[in-house]
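J.: turn this into a model:
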Amino acid sequence: MRIVSLVPSATEALFALGLGDEVIAVTHECDHPAEARELPHVTCDVLPPGLSAREIDGQVRERTERGESIYTLDAQRLTELEPDLIVTQALCSVCAVSVDDVRAVAERMAAPPRVLSLDPHTLGEALGDIARLALAADAEDEAEELAEENAERLDRVARGVEGRARPAVVALEWLDPLFVAGHWTPQMIELAGGLDVLGLPGEPSEQRGWEDLQAAAPDVVLAVPCGYDAVRALVEAERQGERLRALGAGAIVALDAAAYFSRPGPRLVEGVELLAHVLHPEAFPAPPYGAAVLSLGS
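T.: This next block holds a predicted model:
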């Protein structure tokens, strides 16, 4: 099967299912696993480089209000590749090209491919979409094995946090302006032994004010700006350092959001394990994920 993935999380899932050899093209943001970086790209970013967090937010709002994506699709190249399956999403216009644009291109192909849109809102839906993807790509056995492994890992975390005090947590999906993480992140925090005091599971991220964070009185603040690694997340947190420290939280940590939180793929399970270490370091040693956690100094 010839598969084009237009979502980084789907690319990760396809490789996790052992289907990497069938992936013929990806997006410009598909960077995991390393083999995905060598594949042809059929998208590009239209935002100029070097923008601040607030400038990115402004550009995204403007384009969204006009019904435009921040990515462009190379329709000619996609057509020339003659895929059997195109995997995309409609959940977030910031995260991928428009699913309507993808379907329009697919319908014009000589042999129209199947277009599968993965649009999870919860952790269960995100992990369940791996099975949907496997069904479309004839990899049901591999999906069952992966699902069993993920369930065992999540059960291990659940057993480890059982009976422990749950710190109050605020997860920031963007820091200028402030957005509190929603969708699957509150569930991840709960599974890892925390209590998300502002985020709503299954709901979109929500813009909030600093007074909301102050009133929430978090024990832990997570800086998980969408699409950023831990180093860039720490930079963004430092820019708001005075305000973050004024919240009085016992810990302010920057996490690799691009790898373990932003993308609704198989590495969300690693994100739960990572959170368990952040919230309960006495029970969970640091997982071997490299520079995934960085602390904001006092």
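J.: quick one: the strand ranked longest in the chain to chain centroid distance?
T.: The strand that spans the most residues within the chain, counting by DSSP state E, is strand 168-175. When distances are taken as CA atoms, centre = their mean, to the nearest Å, strand 168-175 is centred 14 Å away from the chain's centroid.
J.: which strands or helices does that strand pack on?
T.: The helices and strands touching strand 168-175, judged by 3 or more CB pairs under 8 Å, 6 or more residues apart in numbering; DSSP states H and E, are helix 53-65, strand 178-180, helix 185-191, strand 195-196, helix 210-216, strand 220-223, helix 230-239. Where C-beta positions appear, they are placed from N, C-alpha and C, glycine not excepted.
J.: distance-wise, check the residue located most distally from the centre of the chain relative to residue 289.
T.: No residue in the chain has its C-alpha farther from the mean C-alpha position than residue 110, which lies at 33.8 Å (CA atoms, centre = their mean). From residue 110 over to residue 289 the distance is 44 Å, taken as CB to CB, to the nearest Å.
J.: now for the helix or strand bottoming out on mean pLDDT in the chain, which elements pack on it?
T.: Sorted by mean pLDDT, DSSP states H and E, the helices and strands of the chain end with helix 53-65, the least confident at a mean of 78. Identification of packing neighbours for helix 53-65 by 3+ CB pairs under 8 Å, 6+ apart yields strand 168-175.
J.: the inter-axis angle of the strand it packs on versus helix 53-65?
T.: For strand 168-175 against helix 53-65, the angle between stretch directions is 70 degrees (axes from the mean of the first three to the mean of the last three CA atoms, to 10 degrees).
J.: list the strands paired with strand 168-175, with their directions.
T.: Strands adjacent to strand 168-175 in the sheet, as given by DSSP bridges, are strand 178-180 (antiparallel), strand 195-196 (parallel), strand 220-223 (parallel).
J.: average pLDDT across stretch 177-189?
T.: The average pLDDT within stretch 177-189 is 97.
J.: ok, and for that stretch, which residues are buried?
T.: Across stretch 177-189, burial judged by 16 or more other CB atoms under 10 Å covers 178, 179, 180, 181, 182, 183, 184, 185, 186, 187, 188, 189.
J.: which other residues reach that stretch?
T.: Contacts of stretch 177-189 from elsewhere in the structure, counted by CB atoms under 8 Å, 6 or more residues apart in numbering, are 54, 57, 120-126, 169-173, 195-196, 198-210, 212-213, 222, 224, 261, 264, 268, 271-272, 275, 279.
J.: low-confidence ranges in the stretch 151-298 of the chain?
T.: Within the stretch 151-298 of the chain, the set of residues satisfying pLDDT under 70 comprises 290-291, 297-298.
J.: which helix is the longest one in this structure?
T.: Taking residue count as the measure and DSSP state H as the definition, the longest helix of the chain comes out as helix 140-161.
J.: who are the packing partners of that helix?
T.: Helices and strands touching helix 140-161, by 3+ CB pairs under 8 Å, 6+ apart, are helix 123-136, helix 185-191, helix 268-279.
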